[in-house]
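# Next input, structure requested:
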Amino acid sequence: MRLNKSVFVFIAIVGLLLIAPFVVAQQSQSQPPRQDAQPPKKKEPQRQGAEADQQQEKGLVEKIDTDLVLLDVAVIDQSGKPIMNLKKEEFQVYENKIIQPIESVDIVDAPLSLGIVIDTSGSMRTKLQTVSDSALTLVKQMKDEDEAFIAQFKAEAELLRDFTRDKRELEDGLNELFTGGGTALLDAIIATADHAQSKGKQRKKALVVISDGVEKNSSWKEKEVIKAIQEDDVQVYLVGILDESDDSASLFGKSATKKAKDLLIRLAEDSGGRAFFPKDASEMPAVMAQVAKDLRSQYVIGYSPTNDKKDGTYRTIKVVATPKDTRKLIVRTRQGYTAKGGTGATQAATDNKLRVEKPQ
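Residues are numbered from 1 along each chain as shown. Alright, predicted model coming up:
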C-alpha cells in the first residue's frame, strides 16, 4: 500500500523539529567563548632604588623653574649620626625670621656635580701627597651619575680636569698637582663655586676644598664670597690641614691657626656644608668617607616664600627640626639666598684659569 505524499512531508517536518535542539547545542559547544571583557592589566611594580631616585630627582629639577626655594638639608643628632626619618610636619623653615609654608620634603640620593679643589700654595708642599691620595678616595666613591672636576689654587684657581664621570681621568688630574706661590683661598672658592653652578649638569652641587686655611692674596672679601656661594646654591665642605703647633695668640689677637680655622668653619656653615680638621694624615681617608656619606644623607625641602617680590634682596634662612620624640637635633643648610631680580658676579676665564671678576 502506497503512503500519501502529504504523510511523508509531515513525518520529515516532525523529524527536523526533534533533532534541531541537539544540532544547535553541538555548534555552541564547538565555538570558542566570547571575550567581551579585556583581561586585567598587570599592576606596575613600584620603582625602587636608583630608578626611584631618578624619578624624584626629575621632580626636583622641574621645581627649579618655579618660585620654590629648594634647600639641601642635613640633620644629625648630638653624636653626628644622620637622622633620615623625619616627616614634613617636623620641619619649620624661616625666611627673614618669618615662618614659611613648606611644599615638599624629599629624601633622594641625588647625583652630584662635585668640585674637588686643592690648595697647592707653598705652605702645602709637605702635605700634598697625602691630600692627593685622600682626594682619590673621594673620587673612587663617586656613583655612576656623579660628575666631578679637579682644580688647584695658589694665587688663582686653575682647572686641571673639567666635569667628567671618568674616574681615571680625574685621577690623572690629581697626579698633576704641584705646589708654589701664595694663597688666595676666597678667590678660589668663589671661582670654583661659580664654575660648579654654571657648568655642573646635576641639580645638587658641592665643593670639597682642602687647604691649610691661610688666606693672603684674595681680592674678594669673606662676606662677598658667602653671599655668592649661597646665591649659587653650592655646598662647601672644607678640610683644614692646620698647623696646630702654631696655636698661640699674638699680641694683636687670635693666632694664624685660629683665624684659619674660624674662617673655614664660617664658610662651610653659611653654605650648608661642614668643616673637618683631621689631626694627622691617617685621619684623611675617614674624613673623605664622612664627606661622601654626608652628601648622601640629606633632605631636599621646598618652600614658597611669602615675600614673592623679585627685588634682588638678600634673605636669611633658618631650618628647625622638631621631632616628635623631642630630641635635640642639629640642622645644616645654606643660611640665606638672594631673591630673583638682582645682578650677580660674572665669571671670566682664560684657558683653564678660573676667576670671578668683581662687579664695578
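
# What is the neighbour count of the spatially closest residue to residue 112 that is not a sequence neighbour?
Of all residues not flanking residue 112 in the chain, residue 146 sits nearest, at 4.7 Å (Cβ to Cβ, 6 or more residues apart in numbering). To be clear about C-beta, it is placed using only N, CA and C from the backbone, and glycine gets the same treatment. By other Cβ atoms under 10 Å, the residues close to residue 146 number 19.

# hang on, residue 146 packs against residue 115?
No. With contact defined as Cβ atoms under 8 Å, residue 146 does not reach residue 115; the gap is 11.7 Å.

# Flag the shaky bits of this structure, pLDDT-wise.
The chain contains residues with pLDDT under 70 at 1-66, 245-253, 342-353, 355-360.

# Any idea which residue is closest to the centre of it?
Centroid-nearest residue in the chain, with Cα atoms, centre = their mean: residue 204, separated by 3.0 Å.

# got the contact list for that one?
Residues in contact with residue 204 (Cβ atoms under 8 Å, 6 or more residues apart in numbering) are 72, 110-113, 295.

# again, only this time at 6 Å
Going by Cβ atoms under 6 Å, 6 or more residues apart in numbering, residue 204 touches 110, 112.

# What separation is there between it and residue 151?
Counting by Cβ to Cβ, to the nearest Å, the gap from residue 204 to residue 151 is 19 Å.

# do the same with residue 218
15 Å.

# Name the residue in these two with the higher neighbour count.
Using other Cβ under 10 Å as the criterion, residue 218 and residue 151 rank with residue 151 on top: 25 against 20.

# So what are the sheet partners of the helix or strand containing that one and their directions?
For residue 151, the element it lies in under DSSP states H and E is strand 147-153. Sheet pairing for strand 147-153, assigned by DSSP bridges, gives strand 112-119 (parallel), strand 157-164 (antiparallel).

# so where do the strands sit in the stretch 51-200 of the chain?
69-76, 91-95, 98-100, 102-107, 112-119, 147-153, 157-164 (DSSP state E, counting those that start in this stretch).

# right, and these - which one's nearest residue 193?
For the strands of the stretch 51-200 of the chain, distance to residue 193 was read as Cβ to Cβ. The smallest value, 7.6 Å, belongs to strand 112-119.
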